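K.L.:
Here's a sequence, model it:
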Amino acid sequence: MKPLITIFLAVLLALGSVNAYGLSPSDIKIAARQASVQPSFIIPVIKAYFTTPLEAELKQTPEELKEELEKLMDKRIAEAIKQATEDANESKHLTTLTTIESYGVQSKSRTEIALGAICPKWVEFPEKVLVVSKIAKKDISAWEKEYEKDVLAISETTGVSPSKATEMLKKLAAEGYQVTQTTVEPEAEVVLLHFSGWDDSYPSTLKWEVRVDGGPNLIRGYDPRGILIVQPIPEDENNDIKRVYVKAGYFDLKEQYKPKTPLEDQLAKDKENLEDQIKELEKELKKADKKEKEKRDITNATMYDVMVGYVTLESFYVKSAASGVYLGNMKVSKEMSGFSYASFHSISSEYKGVVLTNSHVAAMLYSNELYVSKDKEAMWIVLPAYGFIRYTQDSDSLGSPADLLAIDGTLVDSYDNDCAILVTSPIPGYEKYAARLGDSDKVTEGLEVVCVGSPMMIQKQLTEGIVSNTSYSILKSPLADAWLAEGMSRRSFEWAMASSFWVDTTQGAGGSSGSPVVALEGSQAGKVIALRNMGIVSRQAIATPMAIQKPDPTYLCDRLENGPIRLVLPKHWKVVFEGFDYKKAVFNASLEAFTGKTETMESIMQSGSKQDIAGLNGAVPINKIKQYLTERGLDIEKFGASTISGRYWQR
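P.N.:
Next up, the predicted model:
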């Protein structure tokens, strides 16, 4: 029996069972790499900068600037007129008929139904409609003379030659139709044939109806002005014309032309508004000429500045990534949900894959950030990201969609402990590779550990080292005086306090946040004992920009209200990115195009909470994270962790 038990345990260990104790160091390294995942983000970014460089603008006199703006206004109006001319040559109506049904129509005439009374006023009605009546099929070849009037009727209605009309008449007669331009007999079945292609193909049948109380179809003719000729509509007991049911059709306007606005009036209003704005600008220029010119500030720019071309906008996506650790699949209860500000997906599975990462990593899914160049000539509005999880280094470049886990409407996201839970689509069979959470209180300095991260987006990079300190805050360093003197925020303070676990498993900068620290020996061998969140920052991570585009300023200003760019665009950023799908974006932008000649990524996106820490990596002890997850209602035993001790609840 004992050999069987031994074999059974060996199989469990090989499959990554809950109790990883007894695995060799090489097995632990393999398991750590399997459990390491890469949260990946596509971040929308809007760049705003002054169109004319400051040096060039300073050389301009107020009169020159006024003349430049007037030329810009004339150019915009000329472009609008040109566009209006192009639009005028294009059909504004749809090419297919829109069906309309109306019950209880009361006509002023007993023998006519005016469709214009029940259709939108901008519609067009089909013109080349031939009225025919159903008869027995016949061959008219031998009696062509008798049908000269019918040939003439077809020719006049459809605009074809008599010879072509004769061919069309033969087809109609062969199908059992008689052409008429006069009111037919009451018992005859009348059919309306619509010729839309003007070739010799057979016309389409208009299934139009006019009925009283479900009776026979009363239509007997058609006027291209949109008038149906009908049999006399009966009167009721009060000698009033009875209400009828009408089914007909019309050519509707294309959506872009609804509602119809006189284009010339609109252009005149636009020109008048621009002229008024230029007059206001002249006043401001005169004021500015009387005093020393103040340095301009992009944060004060408005959407009006965009409209007149004073400020240029660019929209693009930035691809970024970090690290995380896969904890297995979890059945989602009714109080749990996923959250993502920019979400376009819905993770509907009853089970969800669970990933532990840093709070400052997960914040990319919901935070809006504004970065301004030091000379205040440009600013970058960094918007909430689309999130994904990559399980392997050879997977799709995005991976599975990811959201932040929310319980009872509140995110499982703690910046005090710099941890957060992401949820993603579960992968069948991957549960066996899930990491298990250990007990950081049982870890001592000098313990051998490994760390698996994704520096510079290079996934599953494993480094080995030791635990340097299990309880030390960077704020205890004398260097902290400078940080505190500069006014460290509470969030930065808590982040630094939480990062009390130190290892020398060096991970490169950019993408290593959220890397699991796994014990190689001791009672916690094979388990996650800390979550890395601080490291060497010799150079700030450089995110890669993709597919820069310049939105049309006129279109944007027509859609958005005026106001400061820094306030209007974060609220309406999806308008800026309309038709710009991140999935089709390609890497076509240089770093210089993204940052500007006078800036570097480091100076733009440098955060006050990131510091150079030579030779060491800070991490959050796993027990801090376990305590937080327990308080938020997660069953940590599901993740191979023991329940937190009773003394925790006495604090």
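K.L.:
check contacts around residue 382.
P.N.:
Counting by CB atoms under 8 Å, 6 or more residues apart in numbering, residue 382 makes contact with 43, 45, 318, 367, 368, 369, 370, 371. For every residue, glycine as well, the C-beta is placed using N, CA and C.
K.L.:
In terms of distance to residue 353, which of the residues you listed ranks first?
P.N.:
Of all these, residue 43 has the smallest distance to residue 353: 22.1 Å, by CB to CB.
K.L.:
Tell me how far that closest one lies from residue 240.
P.N.:
Residue 43 sits 68 Å away from residue 240, going by CB to CB, to the nearest Å.
K.L.:
picking that back up, now tabulate the contacts of residue 382 in CSV and tack on distance to residue 295.
P.N.:
What follows is the contacts of residue 382, written out as CSV (distance: CB to CB, whole Å):
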residue, distance to residue 295
43, 30
45, 25
318, 28
367, 29
368, 26
369, 24
370, 19
371, 18
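K.L.:
got these as CSV, with neighbour count columns?
P.N.:
Shown next, in CSV, are the contacts of residue 382 (neighbours: other CB atoms under 10 Å):
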residue, neighbour count
43, 24
45, 23
318, 23
367, 14
368, 14
369, 16
370, 14
371, 18
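K.L.:
got the residue ranges for the helices in the stretch 151-300 of the chain?
P.N.:
162-174, 263-290 (DSSP state H, counting those that start in this stretch).
K.L.:
winner for burial among those?
P.N.:
Most buried of those by mean neighbour count (mean count of other CB atoms under 10 Å) is helix 162-174; its value is a mean of 17.
K.L.:
Check the average confidence over that one, would you?
P.N.:
For helix 162-174, mean pLDDT is 76.
K.L.:
how distant is that helix from the center of its chain?
P.N.:
55 Å (CA atoms, centre = their mean, to the nearest Å).
K.L.:
remind me which residues of the stretch 351-500 of the chain are low pLDDT?
P.N.:
483, 485 (pLDDT under 70).
K.L.:
hmm, 90 instead?
P.N.:
By pLDDT under 90, the weakly predicted segments of the stretch 351-500 of the chain are 351-353, 360, 363-377, 381-387, 392-411, 415-416, 424-431, 453-461, 463, 472-500.
K.L.:
all helices of it, in order?
P.N.:
Using DSSP H, counting those that start in this stretch, the helices of the stretch 351-500 of the chain run over 359-362, 480-485, 490-498.
K.L.:
Partner strands of the helix or strand following the longest one and their direction?
P.N.:
So the one you mean is helix 490-498. Under the assignment DSSP states H and E, the closest C-terminal helix or strand after helix 490-498 is strand 501-503. Based on DSSP bridges, the strands next to strand 501-503 in the sheet, each with its direction, are strand 461-469 (antiparallel), strand 617-621 (antiparallel).
K.L.:
Break the protein into its domains for me.
P.N.:
Per automatic domain parsing, the structural domains of the chain span 21-47+316-543+590-649, 52-89+261-309, 98-253.
K.L.:
can you pull the buried residues of the strand or helix carrying residue 28?
P.N.:
Element membership for residue 28, per DSSP H and E: helix 25-35. For helix 25-35, the neighbour count (16 or more other CB atoms under 10 Å) marks 27, 28, 29, 31, 32, 33, 34, 35 as buried.
K.L.:
can you list those residues in a markdown table and add pLDDT and distance to residue 236?
P.N.:
A markdown table is the format used below for the buried residues of helix 25-35 (pLDDT from 0 to 100; distance: CB to CB, whole Å):
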| residue | pLDDT | distance to residue 236 |
| --- | --- | --- |
| 27 | 92 | 93 |
| 28 | 92 | 92 |
| 29 | 91 | 92 |
| 31 | 92 | 87 |
| 32 | 91 | 87 |
| 33 | 92 | 86 |
| 34 | 91 | 83 |
| 35 | 92 | 82 |
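K.L.:
Out of the contacts of residue 382, which is nearest to residue 637?
P.N.:
Using CB to CB, residue 367 is the member of those that sits closest to residue 637, with 32.2 Å.
K.L.:
how close does that closest one sit to residue 477?
P.N.:
Residue 367 is 28 Å from residue 477, where distance means CB to CB.
K.L.:
what does residue 64 give?
P.N.:
55 Å.
K.L.:
go on, residue 437?
P.N.:
Distance check for residue 437 against residue 477: by CB to CB, it reads 29 Å.
K.L.:
If you count surrounding residues, which of the two has more?
P.N.:
residue 437 (26 against 13; other CB atoms under 10 Å).
K.L.:
who touches that one in this structure?
P.N.:
For residue 437, the contact set (CB under 8 Å, 6+ apart) comprises 327, 527, 528, 622, 625, 626, 636, 639, 640, 641.
K.L.:
From these, which land in helices?
P.N.:
Mapping these onto helices (DSSP state H) picks out 622, 625, 626.
K.L.:
Go through the contacts of residue 382 and say which is closest to residue 549.
P.N.:
Of the contacts of residue 382, the one sitting nearest to residue 549 (CB to CB) turns out to be residue 45, at 11.3 Å.
K.L.:
who's in contact with that closest one?
P.N.:
Here residue 45 is in contact with 315, 316, 317, 318, 380, 381, 382, 383, 545 (CB under 8 Å, 6+ apart).
K.L.:
Let's verify it: helix, strand, or coil?
P.N.:
Using DSSP: H, G, I helix; E, B strand; the rest coil, the structure places residue 45 in strand.
K.L.:
Give me the local confidence score for it.
P.N.:
pLDDT for residue 45: 89.
K.L.:
Mind listing the residues bridging to it?
P.N.:
Beta-bridge partners recorded for residue 45 (DSSP bridges): residue 316, residue 382.
K.L.:
Quick check: it vs residue 301, distance?
P.N.:
17 Å.
K.L.:
just to revisit the earlier point, could you tell me which of the contacts of residue 382 belong to strands?
P.N.:
Those of these mapping onto strands are 43, 45, 318, 369, 370, 371, per DSSP state E.
K.L.:
Considering these, which is situated nearest to residue 310?
P.N.:
Nearest to residue 310, judged by CB to CB, of those is residue 370 at 19.5 Å.
K.L.:
ok, the closest one - contacts?
P.N.:
With CB under 8 Å, 6+ apart, residue 370 has these contacts: 299, 379, 380, 381, 382, 566.
K.L.:
Same check on residue 235?
P.N.:
If you count contacts by CB under 8 Å, 6+ apart, residue 235 has them with 110, 241, 242.
K.L.:
Dump the residues you listed to JSON lines, plus distance to residue 445 and neighbour count.
P.N.:
What follows is the contacts of residue 235, written out as JSON lines (distance: CB to CB, whole Å; neighbours: other CB atoms under 10 Å):
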{"residue": "110", "distance to residue 445": "103", "neighbour count": "13"}
{"residue": "241", "distance to residue 445": "100", "neighbour count": "16"}
{"residue": "242", "distance to residue 445": "98", "neighbour count": "14"}
